[in-house]
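Generate coordinates for the sequence data below:
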Amino acid sequence: MTAPGDPVPTVTELLLARADDANPGLAFEDQRWSWKEHVRECADRAALLRSLRRPGPFHVGVLLDNVPDVSFLLGGAALAGAVFVGLNTTRRGAALVQDIRLADCQLVITDSRYVELLQGLDIGARVLDIDSPAWHVMAYRHQYSPLEAAPAAPDDLLMLIFTSGTSGDPKAVRITHGKVTWPGVMLAERYGLGPGDTCYVAMPMFHSNAVMAGWAVGLAAGAQVALRRRFSASGFLPDVRTYGVTYANYVGKPLSYILSTPEAPDDATNPLKVMFGNEANPRDVAAFSQRFGCVVVDAYGSTEGGISVVRPPDTPAGSLGRLDEPLAVLDPDTGAECGRGQVGELVNKSGAGMFAGYYKDSAADGDRLRDGRFWSGDLVYRDEDDFLWFEGRTSEWLRVDGENLGSAPIERLLLRHPSVAEAAVYAVPDPSSGDQVMAALVYRGEFDPVAFAEFLREQSDLGPKQAPRFVRVTARLPRTATYKVLKRTLSAQRWRTPDPVWWRPGAELAYEPLTPSSDPIRLDWGARSVRP
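Residues are numbered from 1 along each chain as shown. So this is what the prediction gives:
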């Protein structure tokens, strides 16, 4: 079984190994390519990219949904020695310009759906529309180009993938060949995938999860890769049946969205064997597995990839996995090792792992790599059996009455409520000092403040400082394109929102409606004196 540190192939080598493979390679809507045909398309894209290269970094921005050209261009970049830059299709205006210029893109390849987003913007790159006559002429000129591969090593840069930007501006993570192929080979081996399987990729391919835990798995296994233009909860099960999907990946909330679709008695009658991803809550993992008759593996992962957590068979539901060398839980302020039950930051003591740094951001590199260690930014604690439990991000620390709190355990607790479909916990300012706890809930039915307070009283593991001071009831949470909650948006909005907000003015668990006349910044909370 492949393990960190083992020799890994490059994406180029995996593609060349499929050059004569007549097995199914790529499926998209009603179109099909064998792996041999797929590699041919990649060779044609490589020749086209070489013809357009100019002095400077050979970086190619791709602003597309999950269409076949994304797969062909990713393979083409590997063969041409170019760097594929995944551009987030939800970015607009100055934010999109910032990403393109930061990544030093020579070209931006897009289609008729997104080309208008680039009009009038000073991006410093040539724009090519794959739906335009000009593109088709260039593509025709490079049809049946020789299969030529630029030299590549596992540590060579292949992609730039931007972080989700949940706590600030997105950063461009350097993605090497090995960082793509290692999880692809490992997951293909772990789940016994081969040419008879189909890997379903519906998460956006400008994000690491779709590339490393989806596309690369199919490439390494020689399995068919089925692309979905955009994720659809209602389209998931029909796609599984249509394409014969045996393996699929996810990140964030897709399990919850799929579970919200109407149930049918034959939901478990499908070919899906494994659903692999991260950031789902344990309730959804269990419900999805039972309803659709498959194994769901919710693993720890990040775009940076500096840490790998072992998940033995006895890993408890909801745990990230077991704490083994070279990992440690350290105090983010002092660097001292945390004891069992003590919250700290998950750290790789041996160094960067598979983290190859951020592109043109030495300050961010310094935040991640300190004293020869990789600091993940993830808060965890280890239990008596050395299993790790997620507590949130360091950027999500709440300091309430002098005590540091993580958001994740409060969210897990709130999700026990049968009417809470989604929960996000974040800090809002205390009128005196520090933070107060606010929760935004996607709530089924009408919110009953008395029943909600009673539910909180019944939770024996709810600490006195963890009970939300404010509760916002909303129809949906703001999310990134990769389904991560934008807590900085919620925190900035505070209680000033059209959504109904309930709060508890004093120490008792008793909630009342927050009205415009009861702005907490101007009120006396309990016995506390607050300046206007």
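
Distance check, Tyr511 against Ser407.
Using Cβ to Cβ, to the nearest Å, we find Tyr511 at a distance of 20 Å from Ser407. The way it works is simple: take the backbone N, C-alpha and C, and place the C-beta from them, glycine included.

dump the residue contacts of Tyr489.
Careful, residue 489 is Thr and not Tyr. Pro478 (Cβ atoms under 8 Å, 6 or more residues apart in numbering).

same thing with Leu369?
By Cβ under 8 Å, 6+ apart, Leu369 lies in contact with 351-352, 355, 357, 375.

switch the cut-off to 10 Å
Contact analysis of Leu369 by Cβ atoms under 10 Å, 6 or more residues apart in numbering lists 306, 348, 351-352, 355, 357, 375.

What of Asp284?
Going by Cβ under 10 Å, 6+ apart, the list of residues near Asp284 reads 253-259, 296, 298, 415, 421.

Among those, which are located in helices?
Mapping the contacts of Asp284 onto helices (DSSP state H) picks out 254-259.

Turn those into TSV, including pLDDT and neighbour count.
TSV is the format used below for those (pLDDT from 0 to 100; neighbours: other Cβ atoms under 10 Å):
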residue	pLDDT	neighbour count
Pro254	94	24
Leu255	95	25
Ser256	91	20
Tyr257	92	17
Ile258	97	23
Leu259	96	16
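
List just the nearest of those residues to Trp503.
Nearest to Trp503 among these: Ser256, at 26.7 Å, using Cβ to Cβ.

how many other residues sit next to Leu157?
21 (other Cβ atoms under 10 Å).

Show me where the stretch 51-200 of the chain has its helices.
Along the stretch 51-200 of the chain, counting by DSSP state H, counting those that start in this stretch, helices occupy 68-80, 93-102, 115-118, 133-141, 177-190.

Ala47: which of these is closest?
Nearest of the helices of the stretch 51-200 of the chain to Ala47, taken as Cβ to Cβ: helix 68-80 at 7.8 Å.

what's the angle between that closest one and helix 133-141?
50 degrees (axes from the mean of the first three to the mean of the last three Cα atoms, to 10 degrees).

Only alpha carbons, please: show helix 68-80 as CSV.
Taking Å, rounded to 0.1, in the frame of the first residue of the first chain, the C-alpha atoms of helix 68-80 are listed here in CSV:
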residue,chain,number,x,y,z
PRO,A,68,-14.1,17.9,-20.9
ASP,A,69,-11.6,20.6,-21.8
VAL,A,70,-10.7,21.0,-18.1
SER,A,71,-9.5,17.4,-18.1
PHE,A,72,-7.8,17.7,-21.5
LEU,A,73,-6.1,21.0,-20.5
LEU,A,74,-4.9,19.6,-17.2
GLY,A,75,-3.3,16.6,-19.0
GLY,A,76,-2.1,19.0,-21.7
ALA,A,77,-0.4,21.2,-19.1
ALA,A,78,1.4,18.2,-17.7
LEU,A,79,2.7,17.1,-21.2
ALA,A,80,3.6,20.7,-22.2
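
oh, and call the first residue 888 from now on, that's how I've got it
Fine by me, first position is 888 from now on; the one you just mentioned is helix 955-967.

tell me how far it is from the chain's mean position?
Distance of helix 955-967 from its chain centroid, counting by Cα atoms, centre = their mean, to the nearest Å, is 22 Å.

Kindly report the same for stretch 1210-1222.
Averaged C-alpha coordinates place stretch 1210-1222 at 23 Å from its chain's average position (Cα atoms, centre = their mean).

Quick one: mean pLDDT over it.
Stretch 1210-1222 shows a mean pLDDT of 91.

Ok, stretch 1260-1273 next?
Mean per-residue pLDDT for stretch 1260-1273: 91.

May I see the buried residues of it?
Neighbour counts over stretch 1260-1273 (16 or more other Cβ atoms under 10 Å) mark 1260-1269 as buried.

In helices only, show me the residues you listed.
Per DSSP H, the subset of the buried residues of stretch 1260-1273 in helices is empty.

Of those residues, which belong to strands?
Counting by DSSP state E, the part of these found in strands is 1260-1269.

Nearest to Val1358 among the residues you listed?
Looking across these and measuring by Cβ to Cβ, the closest to Val1358 is Leu1266, at 22.9 Å.

need the contact list for the closest residue to the closest one other than its chain neighbours.
The spatially closest residue to Leu1266, leaving aside those adjacent along the chain, is Glu1278, at 4.0 Å (Cβ to Cβ, 6 or more residues apart in numbering). By Cβ under 10 Å, 6+ apart, the contact list for Glu1278 reads 1230-1233, 1265-1268, 1284, 1291-1297, 1299.

Kindly recompute the last result at 8 Å.
Glu1278 neighbours (Cβ under 8 Å, 6+ apart): 1230, 1266-1268, 1293-1296.

same check, this time on Phe1242
Here Phe1242 is in contact with 1191-1193, 1255-1256, 1261 (criterion: Cβ under 8 Å, 6+ apart).

Return the backbone torsion pair for it.
Backbone torsions for Phe1242, taken as degrees, to the nearest 10, come to phi -80, psi 120.

Which two among the contacts of Glu1278 are spaced furthest apart?
Across the contacts of Glu1278, no pair lies farther apart than Tyr1268 and Ser1294, at 13.7 Å, counting by Cβ to Cβ.

about what we covered before: the residue nearest to Leu1266 falls within a strand, correct?
Yes - assessed with DSSP: H, G, I helix; E, B strand; the rest coil, Glu1278 lies in a strand.

How much space separates it from Pro911?
43 Å.

ok, the contacts of Glu1278 vs Gly1122, which is closest?
Gly1122 has its nearest neighbour among those in Ala1295, at 30.2 Å by Cβ to Cβ.

Can you tell me the closest non-neighbouring residue to the closest one?
Spatial nearest neighbour of Ala1295, excluding adjacent residues (Cβ to Cβ, 6+ apart): Gly1279 at 4.4 Å.

My guess is the one you found contacts Leu1266. True?
Yes - look at Gly1279 against Leu1266 with Cβ atoms under 8 Å: they come within range, at 5.0 Å.

what about the protein, any weak spots by pLDDT?
Across the chain, the ranges flagged by pLDDT under 70 are 888-893, 1052-1055, 1405-1419.

at 80 instead, please
888-894, 1051-1056, 1188-1190, 1279-1284, 1289, 1318-1320, 1369, 1403-1419 (pLDDT under 80).

mind listing the strands in the stretch 1238-1387 of the chain by residue range?
Here the stretch 1238-1387 of the chain has its strands, by DSSP state E, counting those that start in this stretch, at 1256-1257, 1260-1269, 1274-1280, 1285-1287, 1290-1292, 1307-1316, 1322-1330, 1357-1361.

Adding distance to Glu924, write these out as TSV.
TSV is the format used below for the strands of the stretch 1238-1387 of the chain (distance: least, Cβ to Cβ, whole Å):
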stretch	distance to Glu924
strand 1256-1257	42
strand 1260-1269	40
strand 1274-1280	42
strand 1285-1287	53
strand 1290-1292	54
strand 1307-1316	42
strand 1322-1330	44
strand 1357-1361	47
